[in-house]
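> Quick one, structure for this:
(2 chains)
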Amino acid sequence: MPHTETLPTLETAVPINEPEFQQKEMLLNIGPAHPAMHGIIRIQTKLEGELIIESDVEIGYLHRAFEKSCEESTWNQAIIYTDRLNYVSAAINNIGYCMAVEKLLGVELPPRGQYIRTLLSEISRIGDHLTCVGASAMELGGFTVFLYMIKGREYLWELIEEYCGARVTTMASRVGGMPYDLPEGWLDKCLWVVKEIREILRECDILLTNNRIFIERMENVGVMPADRAIAWGWTGPCLRGSGVAYDVRKDFPYLVYDQLDWEVPVGRKGDNLDRYLVRMAEMEQSCRIIEQCVAKIPGGPINCENKRIVLPDKKDTYGNIEGLMNHFKLIMYGHGIRVPEGEVYFPVEGGNGELGYYIVSHPDEHSRDGCNDRAWRVRCRPPCFPMVAGLTEIINNYMIADIVPTFGSVNMIGGELDR
Amino acid sequence: MSKFPEHIAIEKTHPTAVLDWHDRFGDRTLIVESKQIVEIITLLRDSFGYDMLVDLTAVDYHPRRPRFEVVYHLLNVDGHARLRVKVQLEESHPHIASIVQLYPIADWLEREVWDMFGIKFEGHSNMKRLLLYEEFQGHPLRKDYPKTKRQPLIGPQN
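The predicted model follows:
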């Protein structure tokens, strides 16, 4: 039976006149997991050729219910969740959370404890910046820089490991104190590591700062003016790269930062290169802080006096009945640290910027004294959340290849971003 | 306790807007009426230089009434001043005006509060979930969210 339909010819099979084949724009999904982006994130882009004309950033692939978990655990148990927010600077997360609870309790560490916290924070900060700059350089082809910087990070992680026994999940703080005093010879090793870090920074500076490929990929790319950066809530090296000298350590001093001599480096334009230069300068400042801390650290106790907050020494727990009772009283559910009703917001300067904890203590139906042994609500204000929210603004109207250095320079940390 | 300058300035234009204020633990806090939140935040931004919205979150005080509190943390970057503004919302249909037109970062922060607490922000153009997927049922940071509940499976079923 002869069919009546005519067979398609070349002209009818490819309908070149239809508008969908003529449109200039293309939608392209980058991510959720993409080799050019260290983190799980999806960027939907609308392209015209290679130019990004519109983009939408989607997060939430790592959401692991940090805030909900904190409501279920006691004040000290929640510290372990703060480790998981940022694996390169976990100690800053621990310390920030503990200091927020301490603000609610109204206690302060003795000077030696504060110096140890400052040292750990700065060690973590250098590690954070080394990872960020190294990864950005690697994504632009500078693999040597990555290896050198990871070598430096390794020295820093060895210091952290020597202090608390872990490299990335540190749990290097407790409410009202520090878990351990410094091991023998640790401070000398700190000075040795600072020397090595300086050498690495010098080498990487030679490899990157005058490298034509690196400069041309970074300069005038991803420009964020200062007023927009503030409106987007940017903090840390990204805001300072835009020329705003806001640093929590200087403007709202905590620990011993106001007793030390250091500077806040700022950039001018707010492009990727400025963010890179600010990070490099900040590592040098952190080295200075570590050296001063090592020189000035006093002796004495590392924990606050209050027995209702800090666990007793192990020799007391195992050696006398008061110590044993004290220990159990703090560990048992429904007893523990009694935090009065109230709410505080406490910011510290994390590797990426202002890391704030908003902590609410509110008595539940089981509470008899108006205090609670666990948080009613713990809100973490992660520094990279505003940076990733503002990412669309600094990748629109740039080439698709510019996503790589721009994304590297905002330093997204999945654990902190999605919590 | 004496009033903050911000409080006095708000009272001049919005006499009934500030319900309470306190300075506990060194954090200055204003509790304001929910209907005038946009005007108050605009005033604080333009007259007092609170140019950064550091954080926007909510707290569920179930079973207390009013149940929800929306908390704004404002920062004056040059003047190094912080201020917390709180708004209390009732349990049934919690909603408040959006401040996206004042701070672009509120876009994501409000979406997160909607996602986690189910508080609607009126005037927000893209009120969809941020951290969880669209098919997720309920709002997990509410105190009465069933923690052991299974969520519907999505995606290819074969």
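
> where does B:Leu56 land in three-state SS?
strand (DSSP: H, G, I helix; E, B strand; the rest coil).

> can you tell me which residues contact it?
Residues in contact with B:Leu56, defined by Cβ atoms under 8 Å, 6 or more residues apart in numbering or on different chains, are B:70-73, B:106, B:109-110, B:113. Any C-beta I mention is one placed from the backbone N, CA and C, and that applies to glycine too.

> Out of these, which sit inside strands?
Among those, the members falling in strands (DSSP state E) are B:70-73.

> Closest one of the residues you listed to B:Ser125?
Using Cβ to Cβ, B:Val70 is the member of those that sits closest to B:Ser125, with 18.9 Å.

> Could you verify that A:Ile200 is part of a strand?
No: secondary structure assignment (three-state DSSP) places A:Ile200 in helix, not in a strand.

> mind checking how far it is from A:Glu354?
With the distance defined as Cβ to Cβ, to the nearest Å, A:Ile200 ends up 27 Å from A:Glu354.

> swap in A:Pro340?
Separation of A:Pro340 from A:Glu354 (Cβ to Cβ) stands at 26 Å.

> mind checking which helix or strand A:Cys238 is in?
Secondary structure assignment for A:Cys238, by DSSP states H and E: helix A:236-241.

> Give the other helices and strands that the next helix or strand after that helix contacts.
Beyond helix A:236-241 on the C-terminal side, the first helix or strand identified by DSSP H and E is helix A:248-251. With contacts defined as 3 or more Cβ pairs under 8 Å, 6 or more residues apart in numbering or on different chains; DSSP states H and E, the secondary structure elements packing on helix A:248-251 are strand A:342-349.

> counting contacts, what elements does the strand it packs on pack onto?
The contact analysis (3+ Cβ pairs under 8 Å, 6+ apart) places strand A:342-349 against helix A:90-105, helix A:111-139, helix A:248-251, strand A:354-361, strand B:52-60.

> Make a markdown table from these and add mean pLDDT and distance to A:Asn210 to it.
Formatted as a markdown table, the entries for those read as follows, by pLDDT from 0 to 100; distance: least, Cβ to Cβ, whole Å:
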| stretch | mean pLDDT | distance to A:Asn210 |
| --- | --- | --- |
| helix A:90-105 | 91 | 32 |
| helix A:111-139 | 91 | 14 |
| helix A:248-251 | 90 | 30 |
| strand A:354-361 | 91 | 32 |
| strand B:52-60 | 91 | 35 |
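
> These into a markdown table, with extra columns for distance to A:Glu219?
Written out in a markdown table, the entries for the helices and strands packed on strand A:342-349 read as follows (distance: least, Cβ to Cβ, whole Å):
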| stretch | distance to A:Glu219 |
| --- | --- |
| helix A:90-105 | 30 |
| helix A:111-139 | 14 |
| helix A:248-251 | 28 |
| strand A:354-361 | 27 |
| strand B:52-60 | 27 |
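
> So which of those is nearest B:Phe121?
Go through those one by one with Cβ to Cβ and the one that ends up closest to B:Phe121 is strand B:52-60, at 9.5 Å.

> Note down every partner strand of that closest one and its orientation.
strand B:68-76 (antiparallel) (DSSP bridges).

> Show me the helices in chain B, by range?
With DSSP state H as the definition, chain B shows helices at residue ranges B:5-13, B:37-48, B:106-117.

> Just send those helices back as TSV, with mean pLDDT too.
As requested, the helices of chain B are exported to TSV (pLDDT from 0 to 100):
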stretch	mean pLDDT
helix B:5-13	83
helix B:37-48	89
helix B:106-117	91
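
> which stretch among the ones you listed comes nearest A:Glu158?
Taking these one by one with Cβ to Cβ, helix B:106-117 is closest: 37.2 Å.

> For the closest one, output the C-alpha coordinates as CSV.
Once side chains and other backbone atoms are set aside, the C-alpha atoms of helix B:106-117 remain, and they are given as CSV (Å, rounded to 0.1, in the frame of the first residue of the first chain):
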residue,chain,number,x,y,z
ALA,B,106,18.2,39.0,52.5
ASP,B,107,17.2,37.1,49.3
TRP,B,108,18.9,33.9,50.4
LEU,B,109,18.6,34.4,54.2
GLU,B,110,14.8,34.8,53.9
ARG,B,111,14.6,31.8,51.7
GLU,B,112,16.5,29.8,54.3
VAL,B,113,14.1,31.0,57.1
TRP,B,114,11.2,30.0,54.9
ASP,B,115,12.8,26.6,54.3
MET,B,116,13.6,25.9,57.9
PHE,B,117,10.7,27.5,59.7
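
> where does chain A dip in pLDDT?
The model of chain A has pLDDT under 70 over residues A:1-23, A:35-36.

> where do the strands sit along it?
Shown for chain A, the strands assigned by DSSP E span residues A:25-30, A:42-48, A:51-58, A:342-349, A:354-361, A:377-381.

> Now do the helix holding A:Cys238: distance to the chain's middle.
Averaging C-alpha coordinates over helix A:236-241 and over its chain gives two centres that are 13 Å apart (Cα atoms, centre = their mean, to the nearest Å).

> got the buried residues for stretch B:110-128?
Of all the residues in stretch B:110-128, those buried under the rule 16 or more other Cβ atoms under 10 Å in any protein chain shown are B:110-121, B:124.

> what's the span of it, first residue to last?
Start and end residues of stretch B:110-128 are separated by 10 Å (Cα to Cα, to the nearest Å).

> Show me what from chain B comes close to chain A.
Counting by Cβ under 8 Å from any Cβ of the partner chain, chain B comes close to chain A at B:24-27, B:29, B:51-55, B:57, B:59-61, B:71, B:73, B:77, B:80, B:82, B:84, B:103-105, B:107-108, B:116, B:129-133, B:140-141, B:147.

> Out of those residues, which end up buried?
Among these, those scoring as buried are B:25, B:27, B:29, B:51-55, B:57, B:59-61, B:71, B:73, B:77, B:82, B:84, B:103-105, B:107-108, B:116, B:129-132, B:140-141 (criterion: 16+ other Cβ under 10 Å).

> Report how many residues lie close to the residue of the stretch 201-350 of chain A at minimum distance from chain B.
Nearest residue of the stretch 201-350 of chain A to chain B: A:Gly233, at 4.0 Å (Cβ to the nearest Cβ). Burial of A:Gly233, expressed as a neighbour count using other Cβ atoms under 10 Å in any protein chain shown, amounts to 30.

> Could you tell me which residues of chain A lie near chain B?
Within reach of chain B by Cβ under 8 Å from any Cβ, chain A has these residues: A:59-60, A:63, A:65, A:67-68, A:103-104, A:106, A:227, A:230-233, A:244, A:246, A:251-252, A:342-345, A:347, A:354, A:356, A:358, A:360, A:362, A:376-377, A:379, A:381, A:385-386, A:389-390, A:418-419.

> okay if I get the ones in strands among the contacts of B:Leu56 as JSON lines plus pLDDT and distance to A:Asn306?
Listed next are the ones in strands among the contacts of B:Leu56 as JSON lines, based on pLDDT from 0 to 100; distance: Cβ to Cβ, whole Å:
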{"residue": "B:Val70", "pLDDT": "92", "distance to A:Asn306": "34"}
{"residue": "B:Val71", "pLDDT": "93", "distance to A:Asn306": "29"}
{"residue": "B:Tyr72", "pLDDT": "92", "distance to A:Asn306": "33"}
{"residue": "B:His73", "pLDDT": "92", "distance to A:Asn306": "29"}
